[in-house]
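>>> show me the folded form of this:
(one chain, ligands or ions: 1)
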Amino acid sequence: MTNPSVPLVAAHGVVRLDAARGSMLLHRTDFTLGAGERLSITGPSGSGKSVFLRTLALLDPCDEGFVTWRGERIARAGIPAYRRRVAYIAQRPAMLDGTVEDNLHYPYTLKAYHDARFDRDAAARLAHAAGRGADFLDKPASELSGGEAQIAAFVRVLQLAPDVLLLDEPTASLDPASVRAIEALVAAWFDDGDENRSRASIWVSHDPEQAHRVAARHLTMTAGVLAEPKDAR
Ligand SMILES: Nc1ncnc2c1ncn2[C@@H]1O[C@H](COP(=O)(O)OP(=O)(O)OP(=O)(O)O)[C@@H](O)[C@H]1O
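Numbers count the residues shown, from 1 in each chain. A predicted model of the protein is given here:
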């Protein structure tokens, strides 16, 4: 049984420094993301939004403090299992050679997914939710537009049914139709969580209108300081 009062992801006194300059990239941060929450983070370019998200994703180490998953500290050996639950998606997806389907197979070759199998029907349903036909899976990855490549990257992640999405400006520089397709995919993933609303997301965006479409709780990042304006909820 999971305890709904325990946050899914939490940062405890997390600090990030620029090792070369000794300057502060992320000031001491305490933060919790509860099940059923949809957050946005907005803030100026270079303010530390990616630094924070990558720290939560355990892609970059904390200089002070630590991150917990469901109230537990994450040992080094537990990082692959954490990444299975908490997925980070960047602005520009890395696609491999071959077709979209070849790309979708890739995660299943990793040790962390040894117990999972690629399901073409499930992948086609996700592509359909993003307004793409089943033939999308057969397209060469090299021929995808920026929007299609990002949709393929989302299908690659969402087929694995993560609990938390950390979205680092995933629709920046995409055409409006692709933006809406990706927002619809994420909304469908969120609603697919069980009745306890077990899923949660953080969406970094430069677009205040998008932040209001995709999130109910709104945070800001300014010069490495994460804040939650009182009237922003
Ligand atoms: N690993 C690192 N080492 C040193 N400096 C870094 C590192 N990662 C990021 N920075 C610096 O930290 C600052 C914040 O970067 P970050 O990418 O988090 O900004 P951001 O708010 O996401 O900006 P944008 O909206 O433009 O993506 C920048 O000055 C960046 O150059």
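
>>> could you report the neighbour count for Gly46?
12 (other CB atoms under 10 Å). For the C-beta atoms, the positions are set from N, CA and C on the backbone; glycine is no exception.

>>> so it sits in a strand?
No. Gly46 sits outside any strand when classified using DSSP: H, G, I helix; E, B strand; the rest coil, being coil.

>>> from Glu209, how far out is it?
22 Å (CB to CB, to the nearest Å).

>>> the ligand contacts on this protein?
18, 25, 43, 45-51, 221 (CB under 6 Å from any ligand atom).

>>> of the residues you listed, which is the most crowded?
So for those (other CB under 10 Å), the most neighbours sit at Lys49, 25 neighbours.

>>> hang on, isn't it packed against Ser40?
No. Using CB atoms under 8 Å, Lys49 is not in contact with Ser40, being 10.2 Å away.

>>> which residues do the two both contact?
Taking CB atoms under 8 Å, 6 or more residues apart in numbering as the criterion, Lys49 and Ser40 both touch Val204.

>>> quick revisit: dump the residues of the chain next to the ligand to CSV, plus pLDDT.
CSV is the format used below for the residues of the chain next to the ligand (pLDDT from 0 to 100):
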residue, pLDDT
Asp18, 93
Leu25, 97
Gly43, 95
Ser45, 93
Gly46, 93
Ser47, 95
Gly48, 96
Lys49, 97
Ser50, 96
Val51, 97
Met221, 97
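
>>> now do the helices in the chain.
49-56, 79-85, 100-105, 120-129, 146-158, 176-191, 208-214 (DSSP state H).

>>> tell me which of these lies nearest to Lys111.
helix 79-85 (6.8 Å; CB to CB).

>>> need the contact partners of the closest one.
With CB under 8 Å, 6+ apart, helix 79-85 has contacts from 57-58, 69, 74, 110-113, 160, 162-164.

>>> check the spatially most central residue of the chain and give its pLDDT.
The centroid of the chain falls nearest to Leu166 when counting by CA atoms, centre = their mean (2.3 Å). For Leu166, the pLDDT comes out at 98.

>>> thought it was touching Val86?
Yes. The criterion here is CB under 8 Å, and Leu166 meets it with Val86 at 6.5 Å.
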